[in-house]
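Colleague: Got a sequence here, can you build the structure:
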Amino acid sequence: MFSTLPEPKPDAIIALIQAFADDPREDKVDLGVGVYKDDAGKTPVMRSVKEAERRLLARQDTKSYTKLTGNPDFVAGMQRLALGDVNERLTGAQAPGGTGALRVLFELTLRANPNARFWYSDPSWPNHQAMLTSMKVPHQSYPYFDTDTLGVKFDAMIETLDGLGPDDIVILHGCCHNPTGANLTQAQWERVTQSAQDNGWMPLVDFAYQGLGDGLEEDARGVRHMASKLSRLMIAMSCSKNFGLYRDRAGCAIVQCENAAEAALVAATLGVVNRLLYSFAPDHPASVVAEILGDPELRADWEAELGAMRDRINGLRTGLAEALRQETNSGRFDFIAEHRGMFSRLGATPAQVAAMREGGIYMVGDSRMNIAGLTSDKLRDFARAAAKAGI
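Modeller: You can find the predicted model right below:
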């Protein structure tokens, strides 16, 4: 039976990981994998996470099941992190990472509206399209990234959104757009919100990088404006990046409803959806996050370390833009300093990306690079390699 399975299409990033691992050069640079790295090239466990784990280990007395919707302290903590407060119109469920949160919200949407059609930015995180394709759900992209200006193609984006209606679900990146790093301004968030109000489509905000752009509060301004104006809203949150819990899988599906009665119905449905998909999300990482968010000392340490990570990324952006300016005698890479988050697209051709790889610098074929994969001593080397490749 299994011999008839179609050969899976190789995942570009997984293939890049293998190619990097097979490269014997000691000075090679991995800018493909989407994980934060410090200046030593390591992805560390955060101090606050280590301390929270120590406390949990000392007092944990059972490994029995939790609720189908997960740890309620975790869910409430994530709601406050995203929206600043908790109210009776909000509900949510713990999920195994941001991917799990998205899948839960996709399933919830289809139970509420079997005619739903999903929209994602062009380009977007590849798993948006991949999951919806796997689910055989109608989906398509809306204009977002301008490959000429390397910024947001907002006029074309809003023209598309203004043509949508109540059956449409629009996936928006809450901050730190993946893969481009080009983000909406606050005025643009307000215009997008107005479009949702006027036309009845529902936002689903993929909020995977809060705190890694301009700050926890600053990165939430767009989604909080939406929540203040719209009766309904969905948010998929991830703790992989801002808590460093990549392999542990902590995510949260948040739903803002029209009223408390609707929120109760959604909460019950989320439990049913979770039961069918995976029953119980991993408790350990959610309890770690709940411990951090619920303890002033731990939270302060987490925010300080997160701030240092953010400053490092933004510092690398500034330094890389300057190095490229010097090597190319051009300001066409200044957008790197203006963009936010872990990723940017250089605007290079596949041949130029291949030339960079020949020099030991690994990026995804569309020239998406993980800024956090750089180290301060490699900025000039990268700029020289880019100039040599003709980027």
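Colleague: Unless I misread the structure, I235 falls within a strand.
Modeller: Yes: secondary structure assignment places I235 in a strand (DSSP: H, G, I helix; E, B strand; the rest coil).
Colleague: Neighbours of it, how many?
Modeller: Applying other Cβ atoms under 10 Å, we find 27 residues neighbouring I235. Backbone N, C-alpha and C define where each C-beta goes, glycine included.
Colleague: do the same with A281
Modeller: Around A281 there are 29 residues (other Cβ under 10 Å).
Colleague: Quick one: residues contacting the closest residue to it other than its chain neighbours.
Modeller: In this structure, A281 finds its nearest non-sequential neighbour in Q94, 4.5 Å apart by Cβ to Cβ, 6 or more residues apart in numbering. Contacts were defined as Cβ atoms under 8 Å, 6 or more residues apart in numbering; by that measure Q94 touches T69, G70, N71, F74, V75, A250, G251, C252, A281, A286.
Colleague: Could you measure from the third one over to F243?
Modeller: Pointing back at N71 there. Counting by Cβ to Cβ, to the nearest Å, the gap between N71 and F243 amounts to 14 Å.
Colleague: ok, now L108?
Modeller: Note on L108: its distance to F243, by Cβ to Cβ, is 24 Å.
Colleague: and the two? which has more neighbours close in?
Modeller: Applying other Cβ under 10 Å to L108 and F243 shows that F243 carries more neighbours, namely 24 against 19.
Colleague: Checking the more buried one next. Helix, strand or coil?
Modeller: With three-state DSSP as the basis, the three-state label of F243 is coil.
Colleague: can you pull the contacts of it?
Modeller: Contacts for F243 (Cβ under 8 Å, 6+ apart) come out as M46, V49, A250, P285, V288, V289, I292, W302.
Colleague: for T99, same thing?
Modeller: With contacts defined as Cβ under 8 Å, 6+ apart, the neighbours of T99 are N127, M131, S238, G251.
Colleague: now do R249
Modeller: P96, G97, G100, S240, A281, P282, P285.
Colleague: Most neighbours among these, which one?
Modeller: Looking at the contacts of R249 with neighbours defined as other Cβ under 10 Å, the largest count falls to A281 at 29 neighbours.
Colleague: measure it to L68 for me?
Modeller: From A281 over to L68 the distance is 9 Å, taken as Cβ to Cβ.
Colleague: try G251
Modeller: Taken as Cβ to Cβ, the spacing of G251 relative to L68 amounts to 15 Å.
Colleague: More neighbours: the two, which one.
Modeller: G251 (29 against 19).
Colleague: Mind naming the longest helix for the protein?
Modeller: Identified as the longest helix of the chain according to DSSP state H is helix 296-328.
Colleague: For that one, buried residues please.
Modeller: Counting neighbours by 16 or more other Cβ atoms under 10 Å, one finds that the buried residues in helix 296-328 are 298-299, 301-303, 305-306, 309-310, 312-314, 316-317, 319-325, 327-328.
Colleague: for stretch 217-235, same thing?
Modeller: D219, A220, R221, G222, V223, R224, M226, A227, R232, L233, M234, I235.
Colleague: Can you tell me the SS state at the fifth one?
Modeller: When you say that, I think you mean V223. The local conformation at V223, judged by three-state DSSP, is helix.
Colleague: Can you tell me how far it is from N183?
Modeller: Going from V223 to N183 by Cβ to Cβ gives 12 Å.
Colleague: ok, residues contacting stretch 126-144?
Modeller: With contacts defined as Cβ under 8 Å, 6+ apart, stretch 126-144 is touched by 99, 102-103, 106, 110, 116-124, 152-153, 156-157, 159-161, 170-171, 177, 180, 182, 206.
Colleague: thinking again about what came up before, give me the subset of the contacts of T99 lying in strands.
Modeller: Among these, the members falling in strands (DSSP state E) are S238, G251.
Colleague: Would you reformat the contacts of T99 as TSV and include pLDDT?
Modeller: TSV is the format used below for those (pLDDT from 0 to 100):
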residue	pLDDT
N127	94
M131	97
S238	98
G251	98
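Colleague: what's the burial count for G294?
Modeller: Neighbours of G294 (other Cβ under 10 Å): 14.
Colleague: before we move on, what about L270?
Modeller: When neighbours are counted by other Cβ under 10 Å, L270 comes out with 26.
Colleague: Okay, and it sits in which element?
Modeller: For L270, the enclosing helix or strand under DSSP states H and E is helix 260-277.
Colleague: Check which element follows that helix along the chain.
Modeller: Heading towards the C-terminus - elements assigned by DSSP H and E - helix 260-277 is followed by helix 283-294.
Colleague: outside of that next one, which residues touch it?
Modeller: Surrounding helix 283-294, the residues in contact under the criterion Cβ under 8 Å, 6+ apart are 48-49, 52-53, 55-56, 66, 70-71, 73-74, 77-78, 80-81, 94, 239, 243, 245, 248-250, 298-299, 302.
Colleague: Please tell me how far that helix is from the chain's geometric centre.
Modeller: Between the centre of helix 283-294 and the centre of its host chain there is 19 Å, according to Cα atoms, centre = their mean, to the nearest Å.
Colleague: the inter-axis angle of it versus helix 296-328?
Modeller: What separates the directions of helix 283-294 and helix 296-328 is an angle of 100 degrees, with axes from the mean of the first three to the mean of the last three Cα atoms, to 10 degrees.
Colleague: ok, and for helix 283-294, which residues are buried?
Modeller: Those would be D283, H284, P285, A286, S287, V288, V289, A290, E291, I292, L293, for helix 283-294 by 16+ other Cβ under 10 Å.
Colleague: With pLDDT and distance to T4 as extra columns, can I get those residues in JSON lines?
Modeller: Formatted as JSON lines, the entries for the buried residues of helix 283-294 read as follows, by pLDDT from 0 to 100; distance: Cβ to Cβ, whole Å:
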{"residue": "D283", "pLDDT": "97", "distance to T4": "38"}
{"residue": "H284", "pLDDT": "98", "distance to T4": "39"}
{"residue": "P285", "pLDDT": "98", "distance to T4": "38"}
{"residue": "A286", "pLDDT": "98", "distance to T4": "39"}
{"residue": "S287", "pLDDT": "98", "distance to T4": "43"}
{"residue": "V288", "pLDDT": "99", "distance to T4": "43"}
{"residue": "V289", "pLDDT": "99", "distance to T4": "43"}
{"residue": "A290", "pLDDT": "99", "distance to T4": "46"}
{"residue": "E291", "pLDDT": "99", "distance to T4": "48"}
{"residue": "I292", "pLDDT": "99", "distance to T4": "48"}
{"residue": "L293", "pLDDT": "98", "distance to T4": "48"}
